[in-house]
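Participant: Build me a structure from this.
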Amino acid sequence: MAEVQSSSAEASSSSLVMRGSEAYSLGKALGAGSFGSVTLAQVVETKETVAIKQVLQDPRYKNRELDIMKLLRHPNVVELRDFYYTPVAAEQQRTGSHGEKASNLNVVMEYIPETVYRVVKGYTRQQRMLPMVLVKLYVYQICRGVAHLHALGICHRDIKPQNLLVDPKRHVLKICDFGSAKILKPGECSVSYICSRYYRAPELMLGATEYTTAIDIWSIGCVMGEIMLGRPLFPGTTSVDQLVKIIQTMGTPTRDQMSSMNPNYTEFRFPEVKPRQWTKIFPEGSGVCSEALGLLTGLLAYEPEKRLPLHDALAHEFFDELRDPSTRLPGDVAMPVLADFNHEEICNASTAVRPKLIAWKAAEARRAEADE
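Facilitator: Numbers count the residues shown, from 1 in each chain. Predicted coordinates for the structure are as follows:
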């Protein structure tokens, strides 16, 4: 794709970007870090608000994040709208082996104004807990979106509240930031120092390099615990302390569990700690039901292969309230569409839960027709 230049046709050169017949009016910065920057923008022709993530593109490498986003199309994954390249400053310039010069890759995505992190923080500042119906709705949508990734062999590798976008009006959730995502292949090694600390699966802290997409399932369990508690479930200050925090809650893993997480880990020097009961962590009066604790237990298993498959998680009894047509969200907001499952989603569920998903899809479709 050819590079595009900023234009001053309708605004200053720093605020308007032309890409062929498309033009983007750039607005305020939404965030910046080692990954690059994210800017609010508007499509000039349609007035649609979008977010543009800009990263330095080294000509020696392909951009894995862009390649992965091109594969994704799902109601609970942020949508890639466009991408284009712009020149970089001289001090950032790099040259590849064939003389190509570095450029800025600009990834245009749909804009969603909130994150699960900010929503939960807003409630905790008011000394309130997120309503349980929203906990169910958010966790369900996380499971469904990540299940889509896993069906394609993609591991997100950085599931955390900051990477979960939320439309505060409709409470639709979408997974974003695929900068750490990777298509995992059996027998292929990957770096173990991945995923933000609070949400890092124990096998990663044990140095596993042939891990699976189950590391995302552990992360979802950590996010679920956090939005029910109003604070991180395992708030380790270092990688070692993170593992200690997990063991203090989950108990000391057995040798078989250790082998399941990383068969090459030979040091087994953890003190004997009994697991805490979830009811001690989520006391009576917190609104956390037994179904929630059952799902949490399924997500946070030491053994990666025993963590609950996400397509099966969609049929978990914890989400039964979402299937009730009379359920309303805070502010008397109607439930968003949740059961428009595609063929792959149905087929990837186990035979035991597949009928439940099919029945839910049919019931939701009938209600939509009645409403019309």
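Participant: mind exporting the worst-scoring helix or strand of the chain on mean pLDDT as PDB, just the C-alpha atoms?
Facilitator: Every helix and strand of the chain was ranked by mean pLDDT, DSSP states H and E. The lowest is strand 16-19, at a mean of 84. Extracted in PDB, the C-alpha atoms of strand 16-19 (Å, rounded to 0.1, in the frame of the first residue of the first chain):
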ATOM      1  CA  LEU A  16      -5.900  16.000   8.100                       C
ATOM      2  CA  VAL A  17      -4.600  12.900   6.400                       C
ATOM      3  CA  MET A  18      -5.600  11.900   2.800                       C
ATOM      4  CA  ARG A  19      -5.600   8.300   1.800                       C
END
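Participant: Packing partners of the longest helix along the chain?
Facilitator: The longest helix of the chain (DSSP state H) is helix 132-151. With contacts defined as 3 or more CB pairs under 8 Å, 6 or more residues apart in numbering; DSSP states H and E, helix 132-151 has these neighbours: strand 164-166, strand 173-175, helix 214-229, helix 290-299, helix 310-313, helix 320-323, helix 343-348. The C-beta positions use only the backbone N, C-alpha and C, and glycine is treated the same way.
Participant: Out of these, the one nearest L134 is which?
Facilitator: helix 214-229 (8.3 Å; CB to CB).
Participant: Give me the packing partners of the closest one, helices and strands only.
Facilitator: For helix 214-229, the packing partners by 3+ CB pairs under 8 Å, 6+ apart are helix 116-125, helix 132-151, helix 202-205, helix 290-299.
Participant: From V223, how far off is the closest residue to G207 other than its chain neighbours?
Facilitator: Leaving out its chain neighbours, the residue that sits closest to G207 by CB to CB, 6 or more residues apart in numbering is S192, at 5.2 Å. To V223, S192 is 20 Å away according to CB to CB, to the nearest Å.
Participant: What mean pLDDT does the longest strand anywhere in the chain get?
Facilitator: Criterion DSSP state E: the longest strand present in the chain is strand 22-33. Averaged over strand 22-33, pLDDT sits at 90.
Participant: what distance separates the least confident helix or strand of the chain from the centre of its chain?
Facilitator: 30 Å (CA atoms, centre = their mean, to the nearest Å).
Participant: Now do that strand: which elements does it pack against?
Facilitator: Checking 3+ CB pairs under 8 Å, 6+ apart, strand 16-19 ends up next to strand 22-33, strand 80-86.
Participant: Counting by contacts, list what the helix or strand following the last one packs against.
Facilitator: On the C-terminal side of strand 80-86, the nearest following helix or strand under DSSP states H and E is strand 103-110. Applying 3+ CB pairs under 8 Å, 6+ apart, one finds that strand 103-110 contacts strand 49-57, helix 64-71, strand 80-86.
Participant: same thing but 6 Å
Facilitator: Applying 3 or more CB pairs under 6 Å, 6 or more residues apart in numbering; DSSP states H and E, one finds that strand 103-110 contacts strand 49-57, strand 80-86.
Participant: And the pLDDT for the residue lying closest to L293 once chain neighbours are set aside?
Facilitator: Among residues not flanking L293 along the chain, W278 sits closest, at 4.4 Å (CB to CB, 6+ apart). What the model reports for W278 is a pLDDT of 94.
Participant: now the helices and strands packed on helix 132-151 as JSON lines including mean pLDDT and mean neighbour count?
Facilitator: Shown next, in JSON lines, are the helices and strands packed on helix 132-151 (pLDDT from 0 to 100; neighbours: other CB atoms under 10 Å):
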{"stretch": "strand 164-166", "mean pLDDT": "98", "mean neighbour count": "25"}
{"stretch": "strand 173-175", "mean pLDDT": "98", "mean neighbour count": "24"}
{"stretch": "helix 214-229", "mean pLDDT": "97", "mean neighbour count": "24"}
{"stretch": "helix 290-299", "mean pLDDT": "97", "mean neighbour count": "18"}
{"stretch": "helix 310-313", "mean pLDDT": "96", "mean neighbour count": "23"}
{"stretch": "helix 320-323", "mean pLDDT": "97", "mean neighbour count": "17"}
{"stretch": "helix 343-348", "mean pLDDT": "95", "mean neighbour count": "14"}
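Participant: quick revisit: which outside residues touch the longest helix of the chain?
Facilitator: Contacting residues not belonging to helix 132-151 are listed as 74, 76-77, 156, 171, 173, 175, 213, 216, 220, 224, 227-228, 287, 310-311, 313-314, 319, 321-322, 344, 348 [CB atoms under 6 Å, 6 or more residues apart in numbering].
Participant: from the chain's centre, how far out does the helix or strand following that helix sit?
Facilitator: Once the chain leaves helix 132-151, the next helix or strand it forms, by DSSP H and E, is strand 154-155. From the chain centre to the centre of strand 154-155 is a distance of 11 Å (CA atoms, centre = their mean).
Participant: just checking, what packs against strand 154-155?
Facilitator: With 3+ CB pairs under 6 Å, 6+ apart as the test, strand 154-155 has no helix or strand packed against it.
Participant: Sheet partners, orientation included, of it?
Facilitator: strand 182-183 (antiparallel) (DSSP bridges).
Participant: For the partner strand, which outside residues touch it?
Facilitator: For strand 182-183, with CB under 6 Å, 6+ apart as the criterion, the contacting residues are G153, I154, C155.
Participant: Check stretch 235-247 too.
Facilitator: Taking CB under 6 Å, 6+ apart as the rule, stretch 235-247 contacts R197, P202, M205, F234, V273.
Participant: if we go to 7 Å?
Facilitator: Contacts to stretch 235-247, defined as CB atoms under 7 Å, 6 or more residues apart in numbering, come from residues R197, Y198, R200, P202, M205, F234, F270, V273.
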